[in-house]
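Enquirer: Sequence and predicted structure below; questions after.
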Amino acid sequence: MRARDGLLTVFLRHGSASLAIQDSVDPKLRAELFEALKHISFDASTYRYDAERPDGMPAHIRSILTSVSLSIPVFEHAMALGPRQGIVLVEHRARPLPRAVALHFIGSRN
């Protein structure tokens, strides 16, 4: 059985990265967006929280400003994304970490 019509929730199980729906075709666009997020760069030395790597607090702040979950309509077995849209994991750390995503579908199947 496959998902037919409904709503898909995509949830990122981490607090230092985020999810976005963006243009998935043009790599230059994604690079520019990620670069723009880096400009929301906070000087890690100004924070007291240091239980993680030095980029921990700035990464957590960026994830609050973005989102860790998405809701996507599903119609006739397919996500109702635009023709150039895709789901993008946005890493807020200097070096990527392993990430886990939880999916939940509510709707009809056939």
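Expert: On my side now, so go ahead.
Enquirer: So which bits of stretch 90-108 are buried?
Expert: By 16 or more other Cβ atoms under 10 Å, the buried positions in stretch 90-108 come out as 90-93. C-beta: built from backbone N, CA, C; applies to glycine.
Enquirer: now residue 78, which residues is it bridged with?
Expert: Residue 78 has these beta-bridge partners by DSSP bridges: residue 75.
Enquirer: For it, report the pLDDT, please.
Expert: Looking at residue 78, its pLDDT is 94.
Enquirer: Count the neighbours of it for me.
Expert: Residues near residue 78, counting by other Cβ atoms under 10 Å, number 11.
Enquirer: residue closest to the middle of the chain?
Expert: residue 19 (1.1 Å; Cα atoms, centre = their mean).
Enquirer: Return the residues in contact with that residue.
Expert: By Cβ atoms under 8 Å, 6 or more residues apart in numbering, residue 19 lies in contact with 10, 12, 66-70, 87-90, 101.
Enquirer: Turn these into CSV, columns for distance to residue 35, secondary structure and pLDDT.
Expert: Output for the contacts of residue 19, formatted as CSV (distance: Cβ to Cβ, whole Å; DSSP: H, G, I helix; E, B strand; the rest coil; pLDDT from 0 to 100):
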residue, distance to residue 35, secondary structure, pLDDT
10, 24, strand, 98
12, 21, strand, 97
66, 15, coil, 90
67, 19, coil, 91
68, 21, coil, 94
69, 24, strand, 97
70, 22, strand, 97
87, 20, strand, 94
88, 14, strand, 90
89, 16, strand, 92
90, 12, strand, 90
101, 24, strand, 97
